[in-house]
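> I would like to see how this sequence folds:
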Amino acid sequence: MKKFLFFCVLTVLIFSCSSSDDGSSEDPCTKTITIPQVYFVNGQSFNFDITQEVPCDFPDPVDPVVISPPELPGFTYEILSFVFTPDTGNNTLRIQYEIQLNNPNDFDVNGVPILTIVSDGLEFSGSFSNFASEPCFEIAANDNCILSVDIEESLDFGGIESYEIIDVNYFLTN
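Residues are numbered from 1 along each chain as shown. Have a look, this model is predicted:
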């Protein structure tokens, strides 16, 4: 009986202390890698790195990953005024607008407002901040910025019949 008890205890000990014979361990090997990321807003590139834990045999990244530009969370806007004059009578057209850009977050942001426009049936997006009295590249926490634009262009190379702002996004650059 003592031999049987000894054999049972020995068996339990052996199986509870077993190790894997295939070279693997309970804790797989991991490493932290840095992944370069890049996105483009208004013709400029913005780079940043993220870190990620991966298996040891995972290859290190070589090329940056192109991602969509991050948008300001909770961003809203209000078109306060909009006037499009296809012919001012002085051989020019005029576009005037004021858009309130709202940052509802508890942190300051740097970014670029991008407008989506439909003009004579063609849709395009871009920043018109270079035409604005205040470009709104920064918006303080829980504050707003008024994007005010007044453009007058010659009709010498042709005019447009319609111009409509259909959307505004605020892409972060910080």
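> from T32, how far out is T51?
As for T51, its distance to T32 is 5 Å (criterion: CB to CB, to the nearest Å). Placement of C-beta: from N, CA and C, glycine included.
> what's the spacing between L72 and F171?
To F171, L72 is 8 Å away according to CB to CB.
> convert the C-alpha atoms of the strand or helix carrying E53 to PDB, please.
Using DSSP states H and E, E53 falls within strand 44-55. Taking C-alpha atoms only, strand 44-55 is exported to PDB below (Å, rounded to 0.1, in the frame of the first residue of the first chain):
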ATOM      1  CA  GLN A  44       1.300  68.300 -46.500                       C
ATOM      2  CA  SER A  45       2.400  65.000 -44.800                       C
ATOM      3  CA  PHE A  46       2.200  64.400 -41.100                       C
ATOM      4  CA  ASN A  47       4.200  61.600 -39.500                       C
ATOM      5  CA  PHE A  48       3.900  59.900 -36.100                       C
ATOM      6  CA  ASP A  49       4.800  56.500 -34.700                       C
ATOM      7  CA  ILE A  50       2.800  54.000 -32.700                       C
ATOM      8  CA  THR A  51       4.100  51.000 -30.700                       C
ATOM      9  CA  GLN A  52       2.700  47.600 -30.700                       C
ATOM     10  CA  GLU A  53       3.500  44.300 -29.000                       C
ATOM     11  CA  VAL A  54       4.000  41.500 -31.500                       C
ATOM     12  CA  PRO A  55       5.500  37.900 -31.600                       C
END
